[in-house]
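Q: sequence and predicted structure, then a few things I'm wondering about:
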Amino acid sequence: MAKPSLSPAQWRQACRAINPNVHGVCDTRLSARAAPAINNVTAATTTKRPFYTTQPRSIAGGRKTPHLHNGSLQRATSRVLKSKQGVHLDRDGFFNLKSGADVAKVVREFQDSVKETYEAASSILPPGIGLTSFKSVGERLLKAIHAGHPSAAAIQSISIDVDAVYRIGHVVAGRNFVFREWIQSACAKAGSRRAVVFLVSRYMRLDGIDIHRNNEWTTQVQELALKEDFPPALLVWAELLTWRGQTKEASKILEERVLPFVQSTRSIPKPWTDLTLDGTVSSPWRLYALANADDTEKVKEAINRAALEFGEPVALTELAIDALANRQVGDDFIKTFMDTDKNAWEAFEKYEQYMSMAATAGHDKACFYLANWWNKPMERSEYRKLSMDWHELALQRGDNPSSALILALLFREDGLMDESRKMYDQAAAFGLPMVLPRKGLIELEDNWDNPEYTPPMKKIAVKLMRLF
């Protein structure tokens, strides 16, 4: 059985419950690409238990693989999943290989830069970890990564504090996603709660899974949520229940165990204290909206709180679009608003404010919409440059062929033919948006390098330069 639609699609549906005119964001990959949501959680002073901190977790022994009862399940074990970086994972979303790199070279490079690495990462390392301990753990981790598959025993041989090893491992791995995958899987098997929750949250979003199938790791998340009240686990379990259609139970968990302890904040959480595991897990108010998609008032409250109190990028984008909900459809709707309604600036200011907040938080669609917003008043050259800057940022945040093609056209207008060709080739590699009939796209390609050719900018702009 295939998993249900990804959460951004459900989020759009919830938003449409408030305002059917809101088109929403159409890229279902945004949850993986959006920058970390700006949320933090601190325990209310009147609560009986701390909600935002946990003690280091001692090692848990390696758990046995669940028994396979029949041939169909046996064959399923050979099924391979892939991470967004293309790394092969097992059917539970775990990495089960060792690195084939030159271990001596890797360790030597780590030793050569260990002091600089330690100093740069001092703010995110566990308290009390000195340079000597950092170096020792790092060296042993790198050797383990090259010696065998991820295992609880590999982490046990390094330290009893698996959470500390997990945090140090993130620094040691750096941008090497193979090292990072190995550390994630090994620490999860050794009992690191954050590692388990991260991998299950990621697993839920992989293509080719059965969202209704329980395994030992989803069971662990359930236990961490319901027995230990581990905040990230509560969110992941509530989201999993929602995707399985158990929305009432998910809503109850959020209402009773999460939302009463959440305090509004616009500040960036300190490292390793973020309830959402640096954006891996959806924010609590966003999940609450998904779980209550049939209740318009609850959805509306959740979207507003997610956007205005926690800076949720997708929610901010929806609020920006909602500000223009009574817009006149057409290329000249801004002029129409300004000619007929002196109060229209309020709607435009809200649109710009919310979309800017979402774009600054790293939402690639918000960057795209904001770029088109600044491209409207073409008589202002500084606005045009600002539009190009936002389109470039949209490209950095995600594979956006529309931004690539717009930049190619704007470079071409400026006479920068080499830059224009490079950007056009990038747009073509993504897949050119169908802004023109097939014949028009062929004409565009055949004449792109001809300086005498003038592309039909008005037709293309109507299709590409959308504000929502």
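A: Perfect, I can see it now. Here the structure is a predicted model, which means the values were calculated and not measured. Numbering: from 1, shown residues only.
Q: and the helices in the stretch 101-250 of the chain?
A: 103-112, 114-120, 131-147, 152-156, 162-173, 177-190, 193-203, 216-226, 231-243, 247-253 (DSSP state H, counting those that start in this stretch).
Q: those helices: which one's closest to residue 355?
A: Closest approach to residue 355 among the helices of the stretch 101-250 of the chain is made by helix 231-243 (26.1 Å; C-beta to C-beta). To be clear about C-beta, it is placed using only N, CA and C from the backbone, and glycine gets the same treatment.
Q: what is that closest one packed up against?
A: The contact analysis (3 or more C-beta pairs under 8 Å, 6 or more residues apart in numbering; DSSP states H and E) places helix 231-243 against helix 7-18, helix 193-203, helix 216-226, helix 247-253, helix 284-291.
Q: quick one: that helix to helix 216-226, angle?
A: On the basis of axes from the mean of the first three to the mean of the last three C-alpha atoms, to 10 degrees, helix 231-243 is oriented at 110 degrees to helix 216-226.
Q: from the chain's centre, how far out does helix 231-243 sit?
A: On the basis of C-alpha atoms, centre = their mean, to the nearest Å, helix 231-243 sits 16 Å off its chain's mean C-alpha point.
Q: what residues does it touch?
A: With contacts defined as C-beta atoms under 8 Å, 6 or more residues apart in numbering, helix 231-243 is touched by 3-4, 7, 10, 41, 51-52, 193-194, 196-197, 200-201, 204, 211, 218, 221-222, 224-226, 247, 249-251, 253-254, 257-258, 261, 275-277, 281-282, 284, 287, 290-291.
Q: circling back: of the helices of the stretch 101-250 of the chain, which is nearest residue 445?
A: Short answer: helix 177-190, nearest of the helices of the stretch 101-250 of the chain by C-beta to C-beta, at 35.2 Å.
Q: gap between that closest one and the chain center?
A: Counting by C-alpha atoms, centre = their mean, helix 177-190 comes out at 19 Å from the chain centroid.
Q: do the same with stretch 356-364
A: Offset of stretch 356-364 from its chain centre (C-alpha atoms, centre = their mean): 12 Å.
Q: just stretch 111-130 next, same as before
A: Chain-centre distance of stretch 111-130: 27 Å, with C-alpha atoms, centre = their mean.
Q: quick check: domain ranges of the protein?
A: Domain ranges of the chain: 80-191, 210-310, per the TED database.
Q: hmm, back to that, of the contacts of helix 231-243, select the buried ones using a PyMOL command.
A: A single PyMOL command selects the buried members of the contacts of helix 231-243 (16 or more other C-beta atoms under 10 Å):
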select buried, resi 3+7+10+41+51+52+193+194+196+197+200+201+204+211+218+221+222+224+225+247+250+251+253+254+257+258+261+275+276+277+281+282+284+287+290+291
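Q: find the least confident helix or strand in this protein, judged by mean pLDDT.
A: Lowest on mean pLDDT, DSSP states H and E among the helices and strands of the chain sits helix 30-33, with a mean of 30.
Q: could you pull out the helices for the stretch 251-400 of the chain?
A: Using DSSP H, counting those that start in this stretch, helices in the stretch 251-400 of the chain cover 284-291, 296-308, 313-323, 333-340, 344-360, 364-375, 381-397.
Q: save these as JSON lines, and put in distance to residue 171 too.
A: Listed next are those as JSON lines, based on distance: least, C-beta to C-beta, whole Å:
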{"stretch": "helix 284-291", "distance to residue 171": "28"}
{"stretch": "helix 296-308", "distance to residue 171": "31"}
{"stretch": "helix 313-323", "distance to residue 171": "27"}
{"stretch": "helix 333-340", "distance to residue 171": "48"}
{"stretch": "helix 344-360", "distance to residue 171": "27"}
{"stretch": "helix 364-375", "distance to residue 171": "27"}
{"stretch": "helix 381-397", "distance to residue 171": "24"}
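Q: what's the least confident stretch among those helices?
A: Here the helices of the stretch 251-400 of the chain differ in mean pLDDT, and the lowest is helix 333-340 at a mean of 51.
Q: buried deepest among the helices of the stretch 251-400 of the chain, which one?
A: Most buried of those, by mean neighbour count (mean count of other C-beta atoms under 10 Å): helix 284-291, with a mean of 28.
Q: how far off centre is it?
A: With C-alpha atoms, centre = their mean as the basis, the mean position of helix 284-291 lies at 16 Å from the chain mean.
Q: what's it packed up against?
A: Counting contacts by 3+ C-beta pairs under 8 Å, 6+ apart, helix 284-291 packs against helix 7-18, helix 231-243, helix 247-253, helix 296-308, helix 313-323.
Q: just to revisit the earlier point, need the helices of the stretch 101-250 of the chain in a markdown table (columns: mean pLDDT and distance to residue 401).
A: A markdown table is the format used below for the helices of the stretch 101-250 of the chain (pLDDT from 0 to 100; distance: least, C-beta to C-beta, whole Å):
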| stretch | mean pLDDT | distance to residue 401 |
| --- | --- | --- |
| helix 103-112 | 96 | 37 |
| helix 114-120 | 95 | 36 |
| helix 131-147 | 97 | 37 |
| helix 152-156 | 96 | 43 |
| helix 162-173 | 96 | 32 |
| helix 177-190 | 95 | 25 |
| helix 193-203 | 95 | 26 |
| helix 216-226 | 97 | 36 |
| helix 231-243 | 96 | 29 |
| helix 247-253 | 96 | 35 |
